[in-house]
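K.L.:
Sequence and predicted model, in that order:
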Amino acid sequence: MPSPAYSISALNETALLVSYGNTIQEAINDRVISLHQSFRTEPFIGLVETVPSYSSLTVFYDPLLVRNGHPGVRSAADLVKAIVRQRADTMNETPALFKKKTVIIPVYYHGEDLDFVASQNNLSKEEVITLHHSRTYRVFMIGFLPGFPYMGPVDEGIATARRSSPRTKVKAGSIGIAGFQTGIYPLDSPGGWQLIGETPLKIFDKMKEPVCLLAASDEVRFVPITREEFERQDEYHHS
């Protein structure tokens, strides 16, 4: 596969965006994650953090620290852009290799929109459940809320648009579908995804390290559980 083209643009005086286009592809996301992990392993002076998404990486930096760490440099933005470009070019010349972990998520399928998703796709509830848990999902990015995983793609047979009217409150642990994506609400919050199930696991826990159960590039498998199993596990994880 040829190396993917990318562009670098300034978001503001403290951030650059490395974009591989507007697409959802595992190969492109692999490049984004590889670049992200490269900067975590070998940060440059003045780097604050990098934040990956589906097909881009935002690089945050401190201009003062960049200039202090590189005497004689007049433009921190130009230097950071050059550093990022060199790193991206280097990463494009090698296979995207990084360690991935698989996370098993138990699900009690009983969501408020399960009937709707089934009717919209001319399926039974049981068929929706089977199609949802029968594949392994890629976590493309974390966003919207702390720890919220954007995963996909779901089977085209259950792909369903977001609700036209979002709910004012969605319970933490709720699992939903939005288009070809599936996700898990880590906290109680407003939301418009089609809810089809619930997990007893804590997706975000500020008392643990790491605070997020999932990270970009993780692979997720959903495993159906009964209501009794859900209640037992929910009591254990939230006691």
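P.N.:
It's in. Predicted model only: the values in this text are computed from it and were never measured.

K.L.:
contacts, neighbours, all on C-alpha from now
P.N.:
Fine.

K.L.:
contacting residues for Met91?
P.N.:
Listed by C-alpha atoms under 8 Å, 6 or more residues apart in numbering, the contact set of Met91 reads Arg31, Ser34, Leu35.

K.L.:
Going by distance to Thr14, which of these wins?
P.N.:
Proximity of those to Thr14 (C-alpha to C-alpha) peaks at Leu35, which lies at 18.4 Å.

K.L.:
which residues touch that closest one?
P.N.:
Counting by C-alpha under 8 Å, 6+ apart, Leu35 makes contact with Leu57, Arg87, Ala88, Met91.

K.L.:
got a markdown table for those, with pLDDT and secondary structure too?
P.N.:
Below are the contacts of Leu35 laid out as a markdown table (pLDDT from 0 to 100; DSSP: H, G, I helix; E, B strand; the rest coil):
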| residue | pLDDT | secondary structure |
| --- | --- | --- |
| Leu57 | 97 | strand |
| Arg87 | 93 | helix |
| Ala88 | 93 | helix |
| Met91 | 81 | helix |
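
K.L.:
Spell out which residues make up each domain of the protein.
P.N.:
7-92, 102-237 (automatic domain parsing).

K.L.:
surely Tyr20 meets Ser9?
P.N.:
No: using C-alpha atoms under 8 Å, Tyr20 is not in contact with Ser9; the gap is 11.6 Å.

K.L.:
Same drill for the two, tell me which one is more crowded.
P.N.:
When Tyr20 and Ser9 are compared for neighbours, Tyr20 comes out ahead with 19 against 12, by other C-alpha atoms under 10 Å.

K.L.:
Please enumerate the helices of the chain.
P.N.:
Residue ranges of the helices in the chain, as given by DSSP state H, are 26-41, 63-69, 76-92, 114-120, 125-133, 227-237.

K.L.:
Alpha carbons of the fourth one, as PDB, please.
P.N.:
Right, the one you point to is helix 114-120. What follows is helix 114-120, C-alpha atoms only, in PDB (Å, rounded to 0.1, in the frame of the first residue of the first chain):
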ATOM      1  CA  LEU A 114     -33.600  -1.600  20.200                       C
ATOM      2  CA  ASP A 115     -37.100  -2.000  18.800                       C
ATOM      3  CA  PHE A 116     -36.600   1.100  16.600                       C
ATOM      4  CA  VAL A 117     -33.300  -0.100  15.200                       C
ATOM      5  CA  ALA A 118     -34.900  -3.500  14.500                       C
ATOM      6  CA  SER A 119     -37.900  -2.000  12.700                       C
ATOM      7  CA  GLN A 120     -35.800   0.500  10.700                       C
END
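
K.L.:
list the buried ones in it?
P.N.:
Using 16 or more other C-alpha atoms under 10 Å as the test for burial, helix 114-120 gives Leu114, Asp115, Phe116, Val117, Ala118.
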